[in-house]
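Q: Kindly return the folded structure for what I paste below:
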Amino acid sequence: MHAFARWIDDEAAALGATRSQVKLVFLMRDAHLPLQTYRAIGGGSSAFSAYISRFSAYAASFRRLEHVDQYLAHFAQNLTLPMIARQLLLSPERTAQLVAQAEASANPLQQFLSAVRQPEVLAEVLGASAAFRARLWRYLEREVGLARGDTLVLVDLGYAGTIQ
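A: Numbers count the residues shown, from 1 in each chain. Next comes the predicted model:
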């Protein structure tokens with residue numbers, strides 16, 4: 001933990017040389033011990049804790065079709081259609097409609113993925129993601145004093161490398 005905390009401190013210092021206020025946000029629960037270690041070594045950057053789930057991180061990340069496509073390419077084969085729809089923040093009504101259409105087709109997953117890429121469905125995903133992103137921003141404003149121009153560094157010990 002000591003070496004990891006020193007590495008985080010070195011990275012934050014390097015960022016601080018070229019960017020404005022660097023704020024380290026240790027994601028709870030996994031990064032509790034790294035946060036305590038960072039504080040114990042007297043790290044030079046502001047260090048905070050926050051709860052941001054993998055679900056929240058993805059939900060806030062959909063800005064363009066490419067982002068949706070990246071998510072689908074990575075996860076669609078391993079999740080159920082309702083699980084994918086939930087992560088894409090589709091309404092229950094839209095989800096029911098798309099799942100019913102998909103299940104009536106010869107290739108449900110392909111039908112569903114194609115439907116998600118349609119302009120009206122994509123607009124729902126992107127709009128819901130923008131609203132989610134705004135809520136996440138407000139949360140970070142409250143928890144870490146995040147302000148425009150700050151450099152936010154998320155620190156985590158996740159097992160899959162998807163949020164670090």
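
Q: Please enumerate residues in contact with stretch 116-130?
A: For stretch 116-130, the surrounding residues in contact (C-beta atoms under 8 Å, 6 or more residues apart in numbering) are 59-65, 68-69, 72, 84, 88-91, 94, 98, 115. Any C-beta I mention is one placed from the backbone N, CA and C, and that applies to glycine too.

Q: Of those residues, which belong to helices?
A: Within the contacts of stretch 116-130, residues falling in helices by DSSP state H are Ala59, Leu65, Val68, Asp69, Leu72, Ile84, Arg94, Leu98, Ala115.

Q: dump the residue contacts of the last one.
A: Right, the one you point to is Ala115. Each residue near Ala115 by C-beta under 8 Å, 6+ apart is listed here: Leu98, Gln101, Ala102, Val121.

Q: Give me the phi and psi for Val25.
A: Dihedral angles of Val25 (phi, psi; degrees, to the nearest 10) stand at phi -120, psi 110.

Q: who are the neighbours in contact with it?
A: With C-beta under 8 Å, 6+ apart, Val25 has these contacts: Phe48, Ser49, Ala50, Ile52, Leu140, Glu143, Val144, Leu152, Val153, Leu154, Val155.

Q: For it, give me the pLDDT.
A: Looking at Val25, its pLDDT stands at 95.
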